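>>> here is a sequence together with a model predicted from it:
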Amino acid sequence: MRTEEPRAVHLKDYRAPDYRASEIALDFVLDPEATRVTATMKLARTGAPAPLVLDGEHLKLVSVAVDGRALSPDEYKIEPETLTIATVPERFTLDVVTEISPAKNTALEGLYLVKGIFCTQCEAEALGALPISSTGRTCWRSTPRASRRRRPTIPCCCRTAIRSPKAS
């Protein structure tokens, strides 16, 4: 769980995102120690060319592709809480594959395990603990998959909306 004080977001401080996601599809291959998450995002630039900066934390980046072309590590910059791609087309599909460990997630954000059951906390701020993702108002869909032998109960995921912080 986060321990820092919540910060107010004032209208005067708000800046529209450089990119808008029209669709985000999340595919989960569930495993308590190493869940693989594939995020496929349809993105469009909203203004002048700018680097694409995506948020994410406690993730192992497996691969990144733009319009089906795998990016080499020198084409992006990975930091503890962000993935930055300096140059992207005006409209494109981004595929990001990450690995997370629900069993080691004690923050109760994103995907975590409680008594052998996969659970999710999917408020906009907690989504950073799932795949590396874009912010802004976006509908997303998720597909959880697991071996019936190893996980007889697959969690039910719902379609929801992610919204930018509201001004106070």
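Arrived safely.
>>> now the helix or strand where residue 24 lies: buried residues?
With elements delineated by DSSP states H and E, residue 24 resides in strand 19-29, which encompasses its position. For strand 19-29, burial by neighbour count (16 or more other CB atoms under 10 Å) applies to 19, 21, 24, 26, 27, 28, 29. Heads up, the C-betas are built off the backbone N, CA and C, glycines and all.
>>> for those residues, give me a markdown table that also has pLDDT and distance to residue 83.
Compiled in a markdown table, those are given as follows (pLDDT from 0 to 100; distance: CB to CB, whole Å):
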| residue | pLDDT | distance to residue 83 |
| --- | --- | --- |
| 19 | 92 | 13 |
| 21 | 88 | 14 |
| 24 | 87 | 15 |
| 26 | 85 | 16 |
| 27 | 87 | 18 |
| 28 | 84 | 19 |
| 29 | 86 | 20 |
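>>> those residues: which two are farthest apart?
The widest separation within those, taken as CB to CB, falls between 19 and 29 and amounts to 26.6 Å.
>>> need the CA coordinates for the strand holding residue 24. PDB is fine.
Only the C-alpha atoms of strand 19-29 are listed here, as PDB (Å, rounded to 0.1, in the frame of the first residue of the first chain):
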ATOM      1  CA  TYR A  19      -1.200  10.300 -26.400                       C
ATOM      2  CA  ARG A  20      -4.700   8.900 -26.200                       C
ATOM      3  CA  ALA A  21      -5.500   5.200 -26.000                       C
ATOM      4  CA  SER A  22      -8.700   4.200 -27.900                       C
ATOM      5  CA  GLU A  23      -8.400   0.600 -26.700                       C
ATOM      6  CA  ILE A  24      -6.300  -1.400 -24.200                       C
ATOM      7  CA  ALA A  25      -6.500  -5.200 -24.200                       C
ATOM      8  CA  LEU A  26      -4.800  -7.100 -21.300                       C
ATOM      9  CA  ASP A  27      -4.000 -10.800 -21.600                       C
ATOM     10  CA  PHE A  28      -3.000 -12.500 -18.400                       C
ATOM     11  CA  VAL A  29      -1.300 -15.900 -18.300                       C
END
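>>> can you spell out which helices and strands pack onto it?
Taking 3 or more CB pairs under 8 Å, 6 or more residues apart in numbering; DSSP states H and E as contact, the helices and strands that strand 19-29 lies on are strand 35-45, strand 138-145.
>>> at 10 Å instead, please
Helices and strands touching strand 19-29, as assessed by 3 or more CB pairs under 10 Å, 6 or more residues apart in numbering; DSSP states H and E, comprise strand 35-45, strand 52-55, strand 91-100, strand 138-145.
>>> out of those strands, flag the one nearest residue 110.
Between residue 110 and the helices and strands packed on strand 19-29, the shortest separation by CB to CB is 6.9 Å, and it involves strand 91-100.
>>> thanks a lot, see you next time.
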